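with the sequence up front, the predicted model follows.
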Amino acid sequence: MPPKTERVISFSDRSWVRREYQQFCGRYELDETSGLYFDSDTPSAHRKLISRNFLELPRPLREAALYLGLTVSTTSNRCTVSGNQSAVYGDWERQDNRIMPHLEMSASSLSSALSLPHLVHECCHLFWAVQSKAAKLAYIDQMVALVERFGADDFVEVTGYAQDYFEEWRKLINADGYAIATRRNRALEKWAMESFCESVAKICCPSYKQDEARQTDELLQERLRIMREEFNFDPARRLAAA
């Protein structure tokens, strides 16, 4: 059966929609080239750019996005509703298509330098969401082992964005108390997830944040090995898998 060319999403469909996100309900139209559903008001140029970039993503990222029924919109503002250059929203407590994700890309994110790596990053969140808990825990264990190997005091993340999440977790490593332990575990998972997204973006788009001049080639190679082991995922083969 061919896919519907239009979807109408209501508040009852998206459990994560709060007042400030109500614009992410409404009518979406199928882009037959990419399989994505775009907000009906999305400019044609934005649809073409995002659709073209989407087809350059590693196949597993595209499959996760299409399986979850990702919808897309853009804004002429310099940041998204959540205050970022790009953002993907959803019910992250689920693993199935009830996540009902939506991608918002701002004018900043739609630049020639950022549109592809930002799309990679956001779709990595969807890929992460559908992985098993066991696989994610195994990946996180190996991430922690890498920190121990490289040394926490000298650990350099692949981007400054990922570094901020690492430092948040690191501040809680030796803190005591039940409440602190809960915060520490959340910070660890958040760092692992965000650094995964940034690492894949760097692997797919080596020029991404190159101006930060971080020496992370060895770290990226180790992360690539872990992605292959725990997720059976190799973003370095994206062209061959297209």
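All right, it came through fine. These numbers were taken from a predicted model, which means no experiment stands behind them.

residue 140: what's it in contact with?
Residues counted as contacts of residue 140 (CB atoms under 8 Å, 6 or more residues apart in numbering) are 188-189, 192. C-beta here means a position set from N, CA and C on the backbone, and glycine is covered the same way.

among those, who's most crowded?
The member of the contacts of residue 140 that has the most neighbours, counting by other CB atoms under 10 Å, is residue 192 with 23 neighbours.

against residue 18, how distant is it?
Separation of residue 192 from residue 18 (CB to CB, to the nearest Å): 26 Å.

please apply the same query to residue 216.
The value you get for residue 216 to residue 18, if CB to CB is used, is 36 Å.

for residue 108, same thing?
In terms of CB to CB, residue 108 sits 23 Å off from residue 18.

the two: which has the busier surroundings?
Neighbours per residue (other CB under 10 Å) separate residue 108 from residue 18, with residue 108 holding more: 17 against 9.

what pLDDT does the closest residue to the more buried one other than its chain neighbours get?
Leaving aside its chain neighbours, residue 108 sits nearest to residue 85 (4.5 Å; criterion: CB to CB, 6 or more residues apart in numbering). What the model reports as pLDDT for residue 85 is 97.

repeat that for the one 5 residues further on.
Among the per-residue scores, residue 90 holds a pLDDT of 96.

now residue 1
At residue 1, pLDDT is 59.

and if you look at the one 4 residues further on?
At residue 5, the model reports a pLDDT of 91.

give me the number of neighbouring residues for it.
Using other CB under 10 Å, residue 5 has 11 neighbouring residues.

ramachandran angles for the spatially closest residue to it that is not a sequence neighbour?
Distance criterion CB to CB, 6+ apart; nearest residue to residue 5, sequence neighbours excluded, is residue 30 at 4.7 Å. Phi and psi for residue 30, reported as degrees, to the nearest 10, are phi -70, psi 130.

I'd guessed residue 30 sits against residue 39; true?
No: using CB atoms under 8 Å, residue 30 is not in contact with residue 39; the gap is 11.9 Å.

tell me which residues in stretch 159-177 are buried?
For stretch 159-177, a neighbour-count test (16 or more other CB atoms under 10 Å) marks 159, 161-163, 165-166, 168-170, 172 as buried.

distance check, the closest residue in space to residue 10 that isn't next to it in sequence against residue 38.
Counting by CB to CB, 6+ apart, residue 25 is the residue found nearest to residue 10 once chain neighbours are left out, at 5.8 Å. Residue 25 is 14 Å from residue 38, where distance means CB to CB.

again, but for residue 85
Distance of residue 85 to residue 38, given as CB to CB: 19 Å.

and those two? Which one has more around it.
Legend: neighbour count by other CB under 10 Å for residue 85 and residue 38, higher for residue 38 (22 against 18).

what packs against the helix of greatest length in the chain?
Ranked by residue count, the top helix of the chain under DSSP state H comes out as helix 178-204. For helix 178-204, the packing partners by 3 or more CB pairs under 8 Å, 6 or more residues apart in numbering; DSSP states H and E come out as helix 115-129, helix 133-150, helix 160-170, helix 217-231.

just the angle between the shortest one and helix 115-129, please?
Here helix 160-170 runs at an angle of 30 degrees relative to helix 115-129 (axes from the mean of the first three to the mean of the last three CA atoms, to 10 degrees).

helices or strands up against helix 160-170?
Secondary-structure packing of helix 160-170 (3+ CB pairs under 8 Å, 6+ apart): helix 178-204.

please spell out which residues along the helix it packs on are buried.
For helix 178-204, the neighbour count (16+ other CB under 10 Å) marks 183-184, 187-189, 191-204 as buried.

what of stretch 57-68?
57-58, 60-62, 64-66, 68.
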